[in-house]
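Trainee: mind looking at a prediction? Sequence and model below.
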Amino acid sequence: MQRLIAQDIAEAMANASWIRRMFEAGNELRKSRGPENVFDFSLGNPDVPPPAKARDVLRALADDAVRPCGLGYMPNAGLPAFRDALAAKLAREQGVPLAGGHVIATVGAAGALVAFFRATLERGDEVLVPAPYFVEYGFYCGHFGGTLRPVPMRGPDFALDPEALLAQVTDRTRAILINSPNNPTGAIYGDDALRALADGVNRLNAGRARPLWLLSDEPYRVFAFDGAAVPPILCLSPWAVVLGSFSKSLSLAGERIGYVAVNPALPDVGTLLAALTLTNRTLGYVNAPILGQRLALALLDEQVDLALYDARRKAMAALLAEAGLRFAMPKGAFYFFPEAPGGDDVAFCQRLLGQGVIAVPGRGFGMAGHIRLCSAVPMETIRRAAPALKAACR
């Protein structure tokens, strides 16, 4: 039989992500048990409605879309008005004087990362990432010959360890990629640790022919609780790059609107921006969706109801504590990463499945011995899952 697809893609298909595996197992479970008896905490799919203003904005966009070129091509880097407004917002968040030309609209934060890696990676390059981490990172850099190198973050709260990351940098290391608030742990990396990491990157770049990038993936930036704040990173290094999206903050995941912002202090910053514009186009994205950009532009000062997410977070914490699970209270995002009783995360997830509870083994995020549960689910799901979770823990 002919081999139809690339070998590495065939291997990736055979080793589908644990998130997807558990989601599919849940679908089968719904058929046998009924959906009311299945409690799915596997996917980080925000179910909170977009801000109320979105309804009026969408109506106005519908009227405007029928004009000539209302849905046509645009500059590959995005609508100028959107880039200008987004740059002003990011300048306030990051403490850097950004202009619209320093920001590129992308197809989600994932599209931003893929475009960046295409513009900067060469075969054999490596990307360091604190573990646990979002599993798709490996695909994003692997498509272009890069290799993801996880560096475990120790301690009960998975705090950032800049020394451990910097110690793993070699001549082949092209980027350090962090994600705060973190998926899957909910950790928010502290200002001191970020400064130490940025100082190390700045120091290492002084003698390199090709730069070491400091990438910050921030789709969960607004999800900070209990008075926690997400420190800026763009202001800490000319080699820092911030990537984000409106998938979670505005519940626009399906619209695929993201961005990449580059520090204007970067030497020859125009070359990187031109390269990102090129890869954004030639990867087949062409440009981020026009309706999504206009919707995000009108909602830049809005956000979803964080109080609802916080209430679910607290309810999930109470549920896990009552079941006897050990976990660090997440300060951000909407995930929990408790220890798996007995240490075998796959076996525990199978026990959970037997009770109708769907979770994801921690090894799917580069750290076995834990499980991930998403709290972006209806409050009723969290409450009704209590007996099943307790039974699995027994």
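Mentor: Thanks, I have it.

Trainee: what's the average pLDDT for the helix or strand hosting Ala193?
Mentor: Secondary structure from DSSP states H and E places Ala193 in helix 191-205. Averaging pLDDT along helix 191-205 gives 98.

Trainee: beyond it, next helix or strand please.
Mentor: strand 213-217.

Trainee: ok, now how distant is the most centrally placed residue in the chain from Val377?
Mentor: In the chain, the centroid-proximal residue (C-alpha atoms, centre = their mean) is Pro219; its distance is 5.2 Å. Between Pro219 and Val377 the computed distance is 18 Å (C-beta to C-beta, to the nearest Å). Bear in mind the C-beta positions are built from the backbone N, C-alpha and C, glycine included.

Trainee: go on, Phe223?
Mentor: The separation that Phe223 has from Val377, given C-beta to C-beta, amounts to 15 Å.

Trainee: which one of these two is surrounded by more residues?
Mentor: Phe223 (27 against 21; other C-beta atoms under 10 Å).

Trainee: what's the domain layout of the chain?
Mentor: When the chain is parsed with automatic domain parsing, its domains come out as 7-50+304-393, 54-298.

Trainee: possible to save the ones you listed as a markdown table with distance to Met1?
Mentor: Formatted as a markdown table, the domains of the chain follow (distance: least, C-beta to C-beta, whole Å):
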| stretch | distance to Met1 |
| --- | --- |
| domain 7-50+304-393 | 12 |
| domain 54-298 | 26 |
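
Trainee: least reliable of the ones you listed going by mean pLDDT?
Mentor: With a mean of 90, domain 7-50+304-393 has the lowest mean pLDDT of those.

Trainee: ends of it, what's the gap?
Mentor: From its first residue to its last, domain 7-50+304-393 covers 40 Å (C-alpha to C-alpha, to the nearest Å).

Trainee: again with stretch 376-393
Mentor: End-to-end for stretch 376-393, by C-alpha to C-alpha: 22 Å.

Trainee: buried residues of the helix holding Ala193, list them for me.
Mentor: Buried residues in helix 191-205, defined by neighbour count with 16 or more other C-beta atoms under 10 Å: Ala193, Leu194, Ala196, Leu197, Ala198, Gly200, Val201, Asn202, Leu204, Asn205.

Trainee: quick check: next helix or strand after the longest helix along the chain?
Mentor: In the chain, taking DSSP state H as the definition, the longest helix is helix 306-323. Later in the chain than helix 306-323, the nearest helix or strand by DSSP H and E is strand 335-336.

Trainee: which residues sit against that following strand?
Mentor: Strand 335-336 is contacted by residues 44, 183-186, 316-317, 320, 327, 330, 372-375 when judged by C-beta atoms under 8 Å, 6 or more residues apart in numbering.

Trainee: filter those to the buried ones?
Mentor: Buried among the contacts of strand 335-336 (16+ other C-beta under 10 Å): 44, 183-186, 316-317, 320, 327, 330, 372-375.

Trainee: which residues in this structure form strands?
Mentor: Counting by DSSP state E, the chain has strands at residues 39-40, 103-106, 126-131, 147-152, 173-179, 213-217, 240-245, 258-262, 335-336, 357-358, 360-361, 371-374.
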